[in-house]
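Participant: please find the sequence and the predicted model below.
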Amino acid sequence: MAQPPLLQLSDISLTFGGEPVFDDLSLIVQPGDRVALVGRNGSGKSTLMKVMAGLVEADRGDRVVPPGAAVGYMEQDPDLSGFATLGDFAGARLDPAEAYKVEAVAEGLKFDPARATEVASGGERRRAALARLMAEDPELMLLDEPTNHLDIEAIGWLERELKSTRKAFVLISHDRRFLSELTRATLWIDRGAVRRQEQGFEHFEAWRDKVWEEEDQQRHKLDRKIKSEARWAVEGISARRKRNQGRVRALQDLRAERANMIRRQGTAAMELSGGPASGKKVIEAEGLAKSFAGKTIVKNFSLRVLRGDRVAFVGPNGVGKTTLINMLIGQTEPDAGTVTPGTNLMPALFDQTRAQLDSDMSLWDSLTGDPDMRVSGKADQVLVRGEPRHVVAYLKDFLFDERRARAPVGSLSGGEKARLLLAKIMARESNLLILDEPTNDLDIETLDLLQDLIGDYDGTVLLVSHDRDFLDRVATTTVAMEGDGEATVYPGGWSDYRSQRPDRGGFGSGTGAAEPKGKSAKKGGAANGQGGDAAPAKPRKAAQPSLSFTEKHRLEELPKVIARLEAEIAKLNELLTDPGLFDREPVKFRKATEALAEREAKLSAAEEEWLELEEKAEAAG
């Protein structure tokens, strides 16, 4: 006998602040489902999950959970008031005889159940919320970014636990490998609609691109039909105006249908601009040692970083990755050893605590009040790589609506704060980029863009991340900090590091990630436990013909051309929706129709040209 669904949402509609979030949304979660919930930042993933958990009530529609079925939700910002310790919170709904479950989960997630809630960090609070859910083990687990604030070792433990469970779960995460390893179905939120595919996340991007391609084809066919009907309206209506008013109304309906098509949100227009080239040697560290409160952070560590290297630092939380980077860039003094910086360095720092952002300031003031971005005498402009830009226009580059420009930074989501901080550091020229946990909270499309920007960046990158896929895509050298002061340099990214340490059961072992085979540890230098030269980049595919200077310039300009044409087309469409325009001003109607056809042709040509140049650029990369 078939089991009833664990959760069913039917015809859900929800509005926040006058803006629709969902309309007529329906979905089902079956026993044993392993579902990835994906979508752009701000698309409503967390809101939908709260509706699924029963924490947010929809304006309309039904939520049905069968009697006896438990639905558990991992809170992003749990309320720990009334609980003395993290363990008290995690085990509050368990029978005292089941307290061991909290201890077992706490060991895997690496937090202390006895830690007082009043001194616990945000990361510890989130781990306690995850421990509470894992210990209670409901029939359906709703996990909203469970890997945030977890190191790779804890992510591996969680991955193994979820693989072994028979319970259903719905999972929001930016970690590609985590999603690919665990999910067998995908829910995709896109412009207020939810689509489902009975395949895991590893198939998501191919599915998404196919859906978008079909949309583009449908939009193109509709545009051609509107163009044809508009031409008929100009050339053939005058002799039989009364008989053909129905066809004119049909044309107006087509235009209304086209205007109501919800355009996809583009990717952030982020850009990293390398400043003047640094010297070939960027950092030379010899025999570094550092301890805090009796704990050895690093001992006898040496590293040479050359211009263009992408050096990743990996290790458990608290091992001292940020401290080591701070020593390398001169912000922290070592107890022993020397650090010699290269010449002409222009560093830019993305810090994991987002300390550069003031929660009480507005987005506007956060940019215009930055001394590095301030334009003298211009309260509404910021300096972006040496050029003045209107603050709202620059915020739009990072996907902020102009209505949010005066909102406080504290009201932003984690992903939005990350984008704002990226906007600040990308406004200045640099040749040394320090990225401490940049992947937290960013959606997958923005991560893809950040990865491409790092790949094209002319300068040098020092990176801390627990995102295994991101490390594999970006890093050319990995510094593994495994505790007790050990820091070892390996060529390549995360999987390369793991493949070179098959005999070691330390940090990162057993994470469940597929490892490359047939590689051996590099002898001497970088793999001898004492550091060494940063390794050269991994071999790349044979180079394809690159873009000419003119083509590169055209590729940069085309998005602006396309945006201008789209704006002009929207205005013309709005003008032509007036049903009485032809009767009142036939000449104006004819000219507007001709202008519309002309701009639509130019838009189509510009989009095709951009696509050809983009494909050529990708092939050359």
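Facilitator: The structure has been received and is ready for your questions. Numbers count the residues shown, from 1 in each chain.

Participant: show me the shaky parts of this protein.
Facilitator: 1-2, 17-18, 220, 222, 225-269, 502-546, 549, 579, 620-621 (pLDDT under 70).

Participant: would you mind giving the domain segments of it?
Facilitator: 7-206, 283-346+430-537, 355-429, 540-621 (automatic domain parsing).

Participant: quick one: terminal-to-terminal distance for the shortest one?
Facilitator: Just to be clear, that refers to domain 355-429. Domain 355-429 has its terminal residues 20 Å apart, counting by CA to CA, to the nearest Å.

Participant: for it, the distance to its chain's centre please.
Facilitator: Domain 355-429 sits 19 Å away from the centroid of its parent chain (CA atoms, centre = their mean, to the nearest Å).

Participant: stretch 591-599 too?
Facilitator: On CA atoms, centre = their mean, the centre of stretch 591-599 falls 39 Å from that of its chain.

Participant: pull out the buried residues from that stretch.
Facilitator: Within stretch 591-599, the residues scored as buried using 16 or more other CB atoms under 10 Å are 592-593, 595-597, 599. In short, each C-beta sits where N, CA and C put it, glycine included.

Participant: so which of those sit within helices?
Facilitator: Among these, DSSP state H puts 592-593, 595-597, 599 in helices.

Participant: mind putting the buried residues of stretch 591-599 into a markdown table with distance to Met346?
Facilitator: Formatted as a markdown table, the buried residues of stretch 591-599 follow (distance: CB to CB, whole Å):
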| residue | distance to Met346 |
| --- | --- |
| Ala592 | 51 |
| Thr593 | 53 |
| Ala595 | 47 |
| Leu596 | 48 |
| Ala597 | 49 |
| Arg599 | 42 |
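
Participant: now, which of those residues sits nearest Asp151?
Facilitator: Arg599 (52.5 Å; CB to CB).

Participant: so who does that closest one touch?
Facilitator: 565, 568-569, 572 (CB atoms under 8 Å, 6 or more residues apart in numbering).

Participant: same thing with Leu9?
Facilitator: Listed by CB under 8 Å, 6+ apart, the contact set of Leu9 reads 25-28, 51-52, 61-64.

Participant: what helix or strand is it on?
Facilitator: strand 7-16 (DSSP states H and E).

Participant: what of Leu450?
Facilitator: helix 444-456.

Participant: give me the contacts around that helix.
Facilitator: 38, 40-41, 174, 176, 267-268, 270-272, 310, 415, 419, 422, 433, 435, 438-439, 442, 461, 463, 467, 470, 473-474, 621.

Participant: can you do 7 Å?
Facilitator: 38, 40, 174, 176, 267-268, 270, 272, 310, 419, 438-439, 442, 461, 470, 473-474 (CB atoms under 7 Å, 6 or more residues apart in numbering).

Participant: so which of those residues sit within strands?
Facilitator: Applying DSSP state E to the contacts of helix 444-456, the entries found in strands are 38, 310, 461.

Participant: residues contacting the first one?
Facilitator: Contact criterion CB under 7 Å, 6+ apart gives 186, 188, 201, 204, 444 as the residues in contact with Val38.

Participant: how far away is it from Leu399?
Facilitator: Val38 is 17 Å from Leu399, where distance means CB to CB, to the nearest Å.

Participant: do the same with the last one
Facilitator: Counting by CB to CB, the separation of Val461 from Leu399 is 23 Å.

Participant: tell me where the stretch 451-600 of the chain has strands.
Facilitator: 460-464, 477-483, 486-491, 531-533 (DSSP state E, counting those that start in this stretch).

Participant: mind putting those strands into a markdown table with mean neighbour count and distance to Arg428?
Facilitator: Below are those laid out as a markdown table (neighbours: other CB atoms under 10 Å; distance: least, CB to CB, whole Å):
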| stretch | mean neighbour count | distance to Arg428 |
| --- | --- | --- |
| strand 460-464 | 24 | 15 |
| strand 477-483 | 24 | 25 |
| strand 486-491 | 24 | 29 |
| strand 531-533 | 20 | 29 |
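
Participant: for Asn148, find the nearest of these.
Facilitator: Of all these, strand 460-464 comes closest under CB to CB, at 14.2 Å.

Participant: what angle sits between that closest one and helix 444-456?
Facilitator: Compare the direction of strand 460-464 with that of helix 444-456 by axes from the mean of the first three to the mean of the last three CA atoms, to 10 degrees and you get 140 degrees.

Participant: so Gln352 is in which element?
Facilitator: Applying DSSP H and E, one finds Gln352 in no helix or strand.

Participant: please begin residue numbering at 57 from this point
Facilitator: Got it, the first residue is 57 from now on, which makes the last one we talked about Gln408.

Participant: could you measure from the residue nearest to it when sequence neighbours are not counted over to Thr532?
Facilitator: Closest residue in space to Gln408, ignoring its immediate chain neighbours: Glu493 at 3.6 Å, by CB to CB, 6 or more residues apart in numbering. Applying CB to CB, the value for Glu493 to Thr532 is 19 Å.

Participant: where does Trp396 sit: helix, strand or coil?
Facilitator: No Trp there; residue 396 is Thr. strand (DSSP: H, G, I helix; E, B strand; the rest coil).

Participant: swap in the one 3 residues further on?
Facilitator: Secondary structure assignment for Thr399 (three-state DSSP): coil.

Participant: what is the burial count for it?
Facilitator: 10 (other CB atoms under 10 Å).

Participant: nearest residue to it other than its sequence neighbours?
Facilitator: Per CB to CB, 6+ apart, closest to Thr399 is Gly335, 3.9 Å.

Participant: wait, isn't the one you found in contact with Pro397?
Facilitator: No - between Gly335 and Pro397 there is no contact under CB atoms under 7 Å: 9.1 Å.

Participant: between the two, who's got more neighbours?
Facilitator: More neighbours surround Pro397 than the other of Gly335 and Pro397, with 19 against 13 (other CB under 10 Å).

Participant: in helices, which of the contacts of Arg655 fall?
Facilitator: Checked against DSSP H, the contacts of Arg655 include these in helices: 621, 624-625, 628.

Participant: which one of the domains of the chain lies nearest to Lys277?
Facilitator: The nearest among the domains of the chain, by CB to CB, is domain 596-677 at 12.1 Å.
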